[in-house]
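**Student:** With the input below, show me the fold.
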Amino acid sequence: MPSAPVAPAARVSLGRQLQVTAKVVGERFTQELERSGLTRPLYLALDQLAREDALRQCDLAARLEVESPTLTHHLDHLVERALVVRAPDAGDRRVVRLHITDAGRSAHAAGATIARRLDAELAGGLTAAELAAVTQLLAEVAARARDDGRSPG
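**Tutor:** Numbers count the residues shown, from 1 in each chain. Here you go, the predicted structure:
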């Protein structure tokens, strides 16, 4: 008696796999950061300010892709811990600039060490070419998601 045909394996959607991956990696990063006294949002703000100091809050929010009111809450914590200071802009006193402090740079360095260690673990076993390909593909998927399908083709 012939065997019944086997149904093809259900394909996991790309969007679902990306959601699961982001959740798992994000939770792991959060756990690691919390051991050093940081949260992911605080680290991400410090990371951006370490790269580009003296940003306006609206510019930092745009770079982090969060709403400015959401960022305000996190910035308040950074200021309370003396990791960031708010200072008036020299050219326009209506503008407030965010500056990372020396303590903020130290906290950022601790977080960056955790990020590098986690990156190395996640990339374990991948060749440099495979890692570059995965990184490029993820960037392309993110660009398509930001586009909302408005571009033809």
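**Student:** can you give me the offset of the particular helix or strand that has residue 129 in it from its chain's centre?
**Tutor:** Element membership for residue 129, per DSSP states H and E: helix 128-147. Put simply, helix 128-147 sits 15 Å off its chain's centre (Cα atoms, centre = their mean, to the nearest Å).
**Student:** Run through the protein and note the low-pLDDT ranges.
**Tutor:** Along the chain, the parts satisfying pLDDT under 70 run over 1-10, 149-153.
**Student:** Do a quick rundown of the helices in it.
**Tutor:** 14-35, 40-51, 57-64, 68-80, 102-122, 128-147 (DSSP state H).
**Student:** which one of these has the most crowded surroundings?
**Tutor:** helix 40-51 (a mean of 20; mean count of other Cβ atoms under 10 Å). In short, each C-beta sits where N, CA and C put it, glycine included.
**Student:** which one of the helices of the chain lies closest to residue 86?
**Tutor:** Closest approach to residue 86 among the helices of the chain (Cβ to Cβ): helix 68-80, 6.3 Å.
**Student:** Run the angle between that closest one and helix 57-64 for me.
**Tutor:** 100 degrees (axes from the mean of the first three to the mean of the last three Cα atoms, to 10 degrees).
**Student:** distance of the residue nearest in space to the middle of the chain from residue 36?
**Tutor:** The centre of the chain sits closest to residue 44, judged by Cα atoms, centre = their mean, with a distance of 6.0 Å. Going from residue 44 to residue 36 by Cβ to Cβ, to the nearest Å gives 14 Å.
**Student:** what does residue 131 give?
**Tutor:** From residue 131 to residue 36 the distance is 25 Å (Cβ to Cβ).
**Student:** And for residue 83?
**Tutor:** 12 Å.
**Student:** Quick check on these two: which one has the bigger neighbour count.
**Tutor:** Using other Cβ atoms under 10 Å, the more surrounded residue of residue 83 and residue 36 is residue 83, with 23 against 12.
**Student:** Run through the residues that contact the residue nearest to that one when sequence neighbours are not counted.
**Tutor:** Sequence neighbours aside, residue 104 is the residue nearest to residue 83 in space, at 3.6 Å (criterion: Cβ to Cβ, 6 or more residues apart in numbering). By Cβ atoms under 8 Å, 6 or more residues apart in numbering, residue 104 lies in contact with 46, 49, 50, 78, 82, 83, 84.
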